[in-house]
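Visitor: attaching a predicted model along with its sequence, questions to come.
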Amino acid sequence: MKTVLITGCSSGYGLETARHFLDQGWNVIATMRTPREDVLPRSERLRVLALDVTSADSIAAALAAAGPIDVLVNNAGIGTVGAFEATPMAQVRKLFETNTFGVMAMTQAVIPQFRAQRSGVIVNVTSSVTLTPMPLAAAYTASKQAIEGFTGSLAHELGYFGARVKLVEPGYAPTTRFAHNTDINIADLIPAAYAPFADPIFAAFAHPPLVTKESDVAEAVWRAANDLTGQLHFPAGPDAVALARAA
Ligand SMILES: NC(=O)c1ccc[n+]([C@@H]2O[C@H](COP(=O)([O-])OP(=O)(O)OC[C@H]3O[C@@H](n4cnc5c(N)ncnc54)[C@H](OP(=O)(O)O)[C@@H]3O)[C@@H](O)[C@H]2O)c1
């Protein structure tokens, strides 16, 4: 029986991905900054562990407690929407600490095990913002685009040792906690000079023609984790799939 460790399982895509792998009969290590057993179904194949991907000590403790794994899903992430001019550099660094360096640190921590066992899959969850440039998302896009390049390159060197690295690129889901999981107020990031530019963009955001469901992402992560064809990119959700086709 295989074991997956998923980051950021307290809500949204990570929570649904944990449910999906449980449904498929895998052992699931669902990690959260603040562990909560009650968000997932009871199962003897489920373990909930504390993990903050921005802390080296937390990563080491979680991986030691987890024991051997077959798949790592780097899902934890935070967002920021706003004009780049008004986005504090502290917030840009925060985005990179979680979305970029957190993914890299987790990846580096599991590589020795995957190299030794000559197997293993790392699935990095980025975003459809990497598929086409989207307005008012420059810093967030940078943090995710870095992982796109990182993953493509890493796939070569880990492939040499029999381990695989994949990208899942979800579209926009208004139903996760993503938009609320921030301590920064969007209004503060739209200075008056940007308002005429930003207003129609936010109006369009409120009525997207296509959206992604949590289950779209869970299924894409599942396909990526089990893929043997060498496919690197897995757009997830109808909006992301449409963008990937147009690219
Ligand atoms: N929703 C969208 O429209 C969308 C679109 C494309 C891509 N994505 C990406 O999809 C992934 C999941 O997002 P979501 O929409 O499911 O949002 P979400 O509901 O806010 O879930 C994000 C998860 O990441 C966790 N997290 C944040 N910082 C963390 C840290 N330092 N260490 C460990 N966990 C941390 C959160 O945990 P806490 O509960 O502890 O805060 C939460 O469980 C993210 O990488 C996001 O960038 C989202």
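Guide: Arrived safely. Everything quoted here is computed from the prediction, not taken from an experiment.
Visitor: what residues does this structure put near the ligand?
Guide: 7-8, 10-14, 32-34, 51-54, 75-79, 98, 102, 125, 127-128, 170, 172-173, 176-178, 181 (CB under 6 Å from any ligand atom). Yep, even glycine has a C-beta here, placed from its N, CA and C like the rest.
Visitor: got the CA coordinates for the longest helix along the chain in CSV?
Guide: Among the segments of the chain that qualify as a helix by DSSP state H, the longest is helix 138-159. What follows is helix 138-159, C-alpha atoms only, in CSV (Å, rounded to 0.1, in the frame of the first residue of the first chain):
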residue,chain,number,x,y,z
ALA,A,138,2.7,39.8,-10.5
ALA,A,139,4.2,38.8,-7.2
TYR,A,140,2.1,35.6,-6.8
THR,A,141,2.8,34.7,-10.4
ALA,A,142,6.5,35.1,-9.8
SER,A,143,6.4,32.8,-6.8
LYS,A,144,4.6,30.1,-8.8
GLN,A,145,6.4,30.5,-12.1
ALA,A,146,9.7,29.9,-10.3
ILE,A,147,8.4,26.5,-9.3
GLU,A,148,7.4,25.7,-12.9
GLY,A,149,11.0,26.2,-14.0
PHE,A,150,12.4,24.5,-10.9
THR,A,151,10.2,21.4,-11.4
GLY,A,152,11.0,21.0,-15.1
SER,A,153,14.7,21.1,-14.5
LEU,A,154,14.6,18.9,-11.4
ALA,A,155,12.6,16.2,-13.3
HIS,A,156,15.7,15.5,-15.4
GLU,A,157,18.1,14.9,-12.4
LEU,A,158,15.6,12.9,-10.3
GLY,A,159,14.5,10.9,-13.4
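Visitor: so what strands line up beside the next helix or strand after that helix?
Guide: For helix 138-159, the following helix or strand on the C-terminal side (DSSP states H and E) is strand 164-170. Taking DSSP bridges as the criterion, strand 164-170 sits next to strand 121-125 (parallel), strand 233-236 (parallel) in its sheet.
Visitor: just the element for Gln231, please.
Guide: Per DSSP H and E, there is no helix or strand for Gln231.
Visitor: circling back: strands - which of the residues of the chain next to the ligand land there?
Guide: Cross-referencing the residues of the chain next to the ligand against strands under DSSP state E gives Met32, Val125, Pro170.
Visitor: possible to save the residues you listed as JSON lines with pLDDT and neighbour count?
Guide: Converted to JSON lines, those look like this (pLDDT from 0 to 100; neighbours: other CB atoms under 10 Å):
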{"residue": "Met32", "pLDDT": "98", "neighbour count": "24"}
{"residue": "Val125", "pLDDT": "99", "neighbour count": "30"}
{"residue": "Pro170", "pLDDT": "98", "neighbour count": "29"}
